[in-house]
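1. have a look at this fold, sequence not included:
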């Protein structure tokens, strides 16, 4: 019943902007951790050596930079002293910015002594840069900034307050050893190396690997024919993609680093899909507008009220199991979504209700809705003409350790 409620809620998101976000702890190393919304992306920050998190709260983009005490000690000469002076020095080192002591205030909302510098930028962003005294001469720097910052102050405080140091973890003799040298892949051939949603030639191609850049390999899979596939860090390749995973063939890329000892990764289940016309092509004989858009964008839906109808049956499959057909209402709880669609000025994204869909390839838009339990809903809209879209909704989840998916074809018409 709980899973059923989750799916109904996700479909209602198309009409209601934003939803509550759960915080999940993230290990920062050396015994330090912080909790952030579970769907935020993270990457290393080269300037500070810390961890940079990016994500959305409702419709607003936020960023969080976390620099642990060992990393702060690499940036500035740390000594016991006034927190305000240390914060000013750290800000100058990372951002080459002048923080004035009169703009820095003490904070007593957290478990550690802290000070904060509030600031705004020329592009109408605002933020808070915190310095927490974890122990004597041990300082953590946390900077969070973004849009409509004041609307999310309670969640910001919760995130900052979640910063923790666990001495037992830091000194555990059985802690995992230092990871092996990372593996990177790249190509110098434009529009050649295909990125797929899973390992295998039978998986859908979603884009081409960009040239002249290196991408981190996070997993390795060998198929039944002995072909090796690399799973890539999605946040580096295309963080806005609706695809859950991104894979390339080892034989198609150049490698660098220790690519022989990459940890194995499970292949996601093959997701059955409904029939699909070429994006933006065909289906334009119904008298509707063809939709705007240049060749790179393809067809674009007309803005207005839309009715999206789910097929009566849904295809369900799990790893190593056959595909079965189930009544759609048993999986998704409804068969019709009444919503609205608006189009961004550059036509590379659309908003369905309150949710943003991004252009995946010409004429095809994708939306993604993750849940705290690891399940997610993916929705694809293929523009046939300005008043008609087709596509599918896919629910990915885990049952008794098996990766499963439920996919239903959809058709949308402008009211």
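-> Here it is on my side, so go on. Here the structure is a predicted model, which means the values were calculated and not measured.
2. quick one, helices of this protein?
-> Assigned by DSSP state H, the helices in the chain fall at 2-12, 69-75, 83-95, 153-161, 167-171, 234-237, 328-332.
3. which stretch in these has the least confidence?
-> Among these, helix 2-12 has the lowest mean pLDDT, at a mean of 49.
4. so which of the helices of the chain gets nearest residue 308?
-> helix 2-12 (9.1 Å; C-beta to C-beta). The C-beta positions use only the backbone N, C-alpha and C, and glycine is treated the same way.
5. may I see the helices of the chain organised as TSV, with distance to residue 33 and mean neighbour count added?
-> As requested, the helices of the chain are exported to TSV (distance: least, C-beta to C-beta, whole Å; neighbours: other C-beta atoms under 10 Å):
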stretch	distance to residue 33	mean neighbour count
helix 2-12	27	15
helix 69-75	13	18
helix 83-95	20	19
helix 153-161	12	16
helix 167-171	8	11
helix 234-237	19	17
helix 328-332	36	17
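6. need the ones you listed in CSV with distance to residue 53, can you?
-> Output for those, formatted as CSV (distance: least, C-beta to C-beta, whole Å):
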stretch, distance to residue 53
helix 2-12, 23
helix 69-75, 15
helix 83-95, 16
helix 153-161, 9
helix 167-171, 20
helix 234-237, 10
helix 328-332, 32
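7. so which of these gets nearest residue 365?
-> helix 2-12 (16.5 Å).
8. list the buried residues in stretch 104-115.
-> For stretch 104-115, burial by neighbour count (16 or more other C-beta atoms under 10 Å) applies to 104, 107, 112, 114-115.
9. what do you get for stretch 254-267?
-> 257, 259, 262, 265, 267.
10. same check, this time on stretch 303-323
-> 306, 308, 310-311, 314-319.
11. using the record's assignment, carve the protein into domains.
-> 1-18+269-415, 32-165, 183-257 (automatic domain parsing).
12. reformat these into CSV and put distance to residue 25 next to each item.
-> Output for the domains of the chain, formatted as CSV (distance: least, C-beta to C-beta, whole Å):
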stretch, distance to residue 25
domain 1-18+269-415, 12
domain 32-165, 5
domain 183-257, 18
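13. out of the helices of the chain, nearest to residue 59?
-> Distance to residue 59, taken as C-beta to C-beta, is lowest for helix 153-161 among the helices of the chain, at 14.0 Å.
14. what comes into contact with the closest one?
-> Helix 153-161 has contacts (C-beta atoms under 8 Å, 6 or more residues apart in numbering) with 21, 23, 34-36, 57, 64, 109-111, 128, 130, 132, 142, 144, 149.
15. which ChimeraX command selects the buried ones in these?
-> Command for ChimeraX that selects the buried part of these, burial taken from 16+ other C-beta under 10 Å:
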select :21,23,34,35,36,57,64,128,130,132,142,144,149
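16. what's around the nearest residue to residue 40 once chain neighbours are set aside, how many residues?
-> Leaving out its chain neighbours, the residue that sits closest to residue 40 by C-beta to C-beta, 6 or more residues apart in numbering is residue 55, at 3.2 Å. Residue 55: 19 surrounding residues under other C-beta atoms under 10 Å.
17. next: residue 135.
-> 10.
18. show me what it is bridged to.
-> Beta-bridge partners of residue 135, counted by DSSP bridges, are residue 138.
19. measure stretch 97-111 end to end?
-> With C-alpha to C-alpha, to the nearest Å as the measure, stretch 97-111 spans 28 Å from end to end.
20. contacting residues around it?
-> So stretch 97-111 is contacted by 83-85, 87-88, 91-92, 114-119, 129-130, 132, 157, 160-161, 163 (C-beta under 8 Å, 6+ apart).
21. distance from it to the middle of the chain?
-> 31 Å (C-alpha atoms, centre = their mean, to the nearest Å).
22. measure residue 395 to residue 404 for me?
-> Counting by C-beta to C-beta, to the nearest Å, the separation of residue 395 from residue 404 is 9 Å.
23. more neighbours, these two?
-> When neighbours are counted by other C-beta under 10 Å, residue 395 and residue 404 differ, and residue 395 comes out ahead with 25 against 18.
24. before we move on, back to that, hey, what's the residue nearest to residue 40 bridged with?
-> On the basis of DSSP bridges, residue 55 takes part in beta bridges with residue 62.
25. wait, it sits on residue 36?
-> Yes: at 7.3 Å, residue 55 counts as touching residue 36 under the criterion of C-beta atoms under 8 Å.
26. spit out the contact partners of the residue lying closest to residue 303 once chain neighbours are set aside.
-> Closest residue to residue 303 apart from its sequence neighbours, by C-beta to C-beta, 6+ apart: residue 342 at 5.0 Å. Taking C-beta under 8 Å, 6+ apart, we find residue 342 in contact with 303, 350-351.
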